[in-house]
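Need coordinates for the below:
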Amino acid sequence: MTAYLQNPHVCGDHVAFICENDVWTVTRSVKAVQSATRVTNDHCASNCLFSPDGEWIAYTSKVTDVEQVYVVPRLGGRPQQVTNIPSKCTVRFYSSRARVS
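Have a look, this model is predicted:
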């Protein structure tokens, strides 16, 4: 199977992207090849985006049958659901107050 990368987002030395329907991160480095780290494991992720401080990644997930927005720490951890509405949501940007919109 060939891997496919979607929706890359760069924040400083870090890159978040979607691969195999999960969020992955990698540190950009000209000195060495870095291994990518899987940050989510629900196999339903799309549209990832770093917070302005680079510590969180917002993404869209269809784990509950309706696309909702979640955030997860950049280094991985337990995702937190941000939205809970009956219609489809998607991550577009962070506001100047570091709120997901």
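
mind checking which helix or strand the residue nearest to the spatial centre of the chain is in?
The centroid of the chain falls nearest to C48 when counting by C-alpha atoms, centre = their mean (3.3 Å). Secondary structure here is read from DSSP states H and E; on that basis C48 sits in strand 45-50.

Give the pairing partners of that strand; include direction for each.
Taking DSSP bridges as the criterion, strand 45-50 forms sheet pairs with strand 56-61 (antiparallel).

List of residues touching the strand holding C48?
When contacts are taken as C-beta atoms under 8 Å, 6 or more residues apart in numbering, the neighbours of strand 45-50 outside the stretch itself are 6-7, 9-11, 14, 16-18, 21-23, 56-62, 67, 74, 90-94, 100. Yep, even glycine has a C-beta here, placed from its N, CA and C like the rest.

who's the closest residue to T37 other than its chain neighbours bridged to?
Of all residues beyond its chain neighbours, the one nearest T37 is T25 (5.3 Å), with distances taken as C-beta to C-beta, 6 or more residues apart in numbering. Counting by DSSP bridges, T25 is bridged to A16, T37.

how deep is T25 tucked in, by neighbour count?
Taking other C-beta atoms under 10 Å as the neighbour definition, T25 ends up with a count of 22.
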